[in-house]
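K.L.:
How does the following fold in three dimensions:
(2 chains)
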Amino acid sequence: MRLDLVPRIRRSAVLDILAPALAFVAAVMVGGVAVAALGVSPGAAFVTYFVTPLSDVWSLQEIALKAAPLALIATGLAFCYRADLWNIGAEGQFVVGGLAGGWVGVATHGSGGSVWILPAMLAAGALAGAAYALIPAVLKVRLGVSEILTSLMLVYVAQLLLDYMVRGPLRDPAGYNFPQSVGFEAAARLPYLMEGETLHAGVLIALAAVGLGTFVLARTLFGFEVRLVGASPRAARFAGFSDARLTLAVFAISGGAAGLAGIVEVAGRIGQLQPEISPGYGFTAIIVAFLGRLSPPGILVAALVIALTTIGGEGAQIDLKLPLDLTRAFQGLLLGLVLGADVFARYHVRLVPGGPVSRTAP
Amino acid sequence: MEAARPVSAPLPRATAGPTPLFGAYGIVKRFGSFTANDGVDLEIRAGEIHALLGENGAGKSTLMKILYGLLEPSEGVVTHRGDIVQLPNPEAARRLGIGMVFQHFSLCENLTVEENIALVMPPELSGRALADRIAKLGIDYGLHLEPDRPVWSLSAGERQRIEIVRCLLQDPKLVILDEPTSVLTPGEAEALFSVLERLAREGRALLYISHRLDEVRRLCVRATILRAGRVVGACNPREETARSLAAMMVGSAVHEVSARAVRAIGAERLRLDHLALPAPGLHATALRDVSLRVSGGEILGIAGIAGNGQAELFAALSGEALAADPACVRLDGKPVGGLGINARRRLGAAFVPEERNGHAAAPLMSLSENALLSRHPTAPLTRAGLLRAGAARDLAQRVIAAFDVRKSGPDPAAGTLSGGNLQKFVVGREILAQPGVLVINQPTWGVDAAAAAHIRQAVVDLAAQGGAIVVISQDLDELFEIAGSIAVLHDGTLSAPVPTAETSREAIGLLMGGSSDAAPALAPAPALAPARTH
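P.N.:
Purely as a prediction, here's the structure:
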């Protein structure tokens, strides 16, 4: 007996939705077994992970605030991955974006609070992220250097650069030598959406980015180009699309989105520059992009799921004394199962009687 | 070497014995609600070359796959020397001595020729011994192969040779050949026919599937004709004409392409001057000093064996490869050697590459997106960078209607179409643009007779309207049918074109083999020449 995978040329819309849903159910069941093995009731853990975070306003806002940068970064990354290009340095672009935008915030500190400060910060963040992402893109186009390696290595450069800046040039002179910048003025902060709550306007920026990403991929010639390059690179050249131009464009887009997410985080939740501004959003967004199967609406759902399990995991750590690593393991398991389930949505799986692998194409 | 001897010896008569070597009786194969084979009977006798004829979709492939153990029939039996046999997998079929040469190559791109062959050989036959046998078969049968070349670097013609050698190495009793000559030159095909006739004389049975009816008439004394999953006739092809055979296959008279290309009636539209391009890859072919001129109303045919620079020439004409000197390539007098494919399209050129899936079309995308693929520069399918989905759908529908493209669903993925229908779509997409210059590479490769006639007619009609057309093809019959003049591409150089009416297949065949003097047609068809020299 052997298994044959035959590509489905017609994708079933039902399966496309059902597959990740079933994968989620399977992940929860496997997670339940792991929780039981740790001596905790799976039912209680389920409630702590998936129900409690959805039942109070504070944690709902936390979920939205965590999902926003993930969705924003992953939407940008979807352009790269759709085109079969591998920007895995979104974390670095996030940091550089936060640093550049934050620098605008620091430089305008005490200038009187013009309404242009915040837009300038956001623009600086997005542009800096895009420029930083263009380094591996240019190296790839000009010299054929693997973008996987260079984009990853530039993450560490960015983190060290931020670390140096907040300890050196951008340090708050009145800050008792703490490695952090001045706290931003109100004009340099993203406005809160509700009085007295934590939810800020960055969430709207992320939603807008998801909507824009959906539109561009589905309805523009550029989106067609991105999809075509990923699906049939040779046909894309026949369509007259240039590999080099597209490489630069999608890296600029993904870097810009990551940089924007960086300054949204800095001007939103944090309010100043400090040595660490990201709990690994740029890397988690890679998982989110693939969990969402590289489509922006899917990415939005995936970002919410990942944010939910993260918040739930913090709750489980406090209430049930479950290790935080369990959350990470669950997220990894979820990704594996969703990608695995995707095989069933993409292929007919057939059990073929007899014989070793046939040399024939069916 | 006897491979080149003209075949006049009679084929061994089919033995009249009651038990054929292999038989298939009452074969029914259903896929869901679709019945691909509906009560098919077929008897194959030792020592005969048996033709299986039918249009694409007639059920030939299904029947072949059943005989080769790739599919199990829903009803019916397969017999071997009168005994019912089970063929659950190709391994079982091979044990009974059934070998198959596929139309679509089943080769691993990253492995070498020898490794691909070793994959299906018993483990004890490998290394030196295998290489020797490959070399010996190559010499015996004129199937030249370089064992150490990776498959990705080979042309379609060379890949097919691997398939044939791979099958012959297993010493089969029944060889099933699916369109085996579709990438061969007349000389190569002739050598293959000698091989096949020798195999038949050795007492083997051959089941021969081809769209080339002349070949079937030349090789086979028995033919079974399938239409829509049923046997609609059996005949001796030698007592039929190619047209009457085609009529049986399609169930109606085949439209014959009318009027060979009109002679040049307009101004010069496409011109190459001493174009030289370095080889784009290790095993690609460099173009050397290629010049050509095509005027409005003219169809220039470019013949040649696979791998002699066809793909490179196509890329140079289309703008997928740019020339160092812009003046090397001219469209309507304008130097375009430095312009990309879309700029050339905007100047009125259109292109149809050889490979449908993945080059001319994206198989997983819908037909309307595939209309967009090559027409976005020349048709109003976008506005300010935004797609006009309705306009793309309309364009796709117009192509579908004008070229009788059969499909399921309103806007299916290109990959769901059969080869012939996708080719009609791809050709129609370009021709509906009314291009002034059309460059088309292997227009009817792997396409059934009716679709091929449709495509050729459309090309001829375009020329009649003043289009300048370059047809790159390995099918000499096709070139002699539609081209006004023919030039031969050999090892990256292009011979001077000669008017079709003033040349012969033999003379063109000699040029394809690299012979510089197009000797008079006294000589027998040339023996096989290696595709390329290194």
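
K.L.:
quick one: low-confidence ranges for the stretch 251-400 of chain B?
P.N.:
Scanning the stretch 251-400 of chain B for pLDDT under 70 picks out the ranges B:251-264, B:282-283.

K.L.:
give me the residue from it nearest chain A.
P.N.:
At 3.5 Å from chain A, B:N342 is the closest residue in the stretch 251-400 of chain B, using C-beta to the nearest C-beta. In this view, the C-beta of every residue, glycine as well, is placed from N, C-alpha and C.

K.L.:
Can you tell me the element that residue falls in?
P.N.:
helix B:341-346 (DSSP states H and E).

K.L.:
cool, B:N37 as well?
P.N.:
strand B:34-44.

K.L.:
about what we covered before: can you point out the buried residues in the helix holding B:N342?
P.N.:
In terms of neighbour count (16 or more other C-beta atoms under 10 Å in any protein chain shown), helix B:341-346 has its buried residues at B:I341, B:N342, B:R344, B:R345.

K.L.:
Please list the residues of the stretch 301-450 of chain B that sit near chain A.
P.N.:
Proximity of the stretch 301-450 of chain B to chain A (C-beta under 8 Å from any C-beta of the partner chain) is limited to residues B:318-320, B:340-342, B:345, B:351, B:353, B:355, B:358-365, B:369, B:372-374, B:376-377, B:382, B:385-387, B:389, B:409, B:412-413, B:415-416.

K.L.:
can we see that at 7 Å?
P.N.:
B:320, B:340-342, B:353, B:358-362, B:364-365, B:369, B:372-374, B:376-377, B:382, B:385-387, B:413, B:415-416 (C-beta under 7 Å from any C-beta of the partner chain).

K.L.:
Tell me the buried residues within these.
P.N.:
Counted by 16+ other C-beta under 10 Å, these give B:320, B:340-342, B:353, B:358-362, B:364-365, B:369, B:372-374, B:376-377, B:382, B:387, B:413, B:415-416 as buried.

K.L.:
related to what we said a few turns ago, next one: the strand holding B:N37 to chain centre, how far?
P.N.:
25 Å (C-alpha atoms, centre = their mean, to the nearest Å).

K.L.:
Now do the helix or strand that it is followed by against strand B:34-44, angle only.
P.N.:
The C-terminal neighbour of strand B:34-44 among helices and strands, as given by DSSP H and E, is strand B:49-53. Here strand B:49-53 points in a direction 160 degrees away from that of strand B:34-44 (axes from the mean of the first three to the mean of the last three C-alpha atoms, to 10 degrees).

K.L.:
mind saving the C-alpha coords of strand B:49-53 as PDB?
P.N.:
The C-alpha coordinates for strand B:49-53 follow below in PDB (Å, rounded to 0.1, in the frame of the first residue of the first chain):
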ATOM      1  CA  ILE B  49       2.000  -3.100 -34.400                       C
ATOM      2  CA  HIS B  50      -1.500  -2.300 -33.400                       C
ATOM      3  CA  ALA B  51      -2.700   1.300 -33.800                       C
ATOM      4  CA  LEU B  52      -5.000   2.800 -31.200                       C
ATOM      5  CA  LEU B  53      -6.600   5.900 -32.600                       C
END
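
K.L.:
Could you spell out the sheet neighbours of that strand, each with its direction?
P.N.:
Strand B:49-53 has its sheet partners listed here by DSSP bridges as strand B:205-209 (parallel), strand B:222-227 (parallel).

K.L.:
what sits up against stretch A:225-241?
P.N.:
A:79, A:82-84, A:217, A:246, A:250, B:320, B:340-342, B:353, B:358-362, B:364-365, B:373-374, B:377 (C-beta atoms under 7 Å, 6 or more residues apart in numbering or on different chains).
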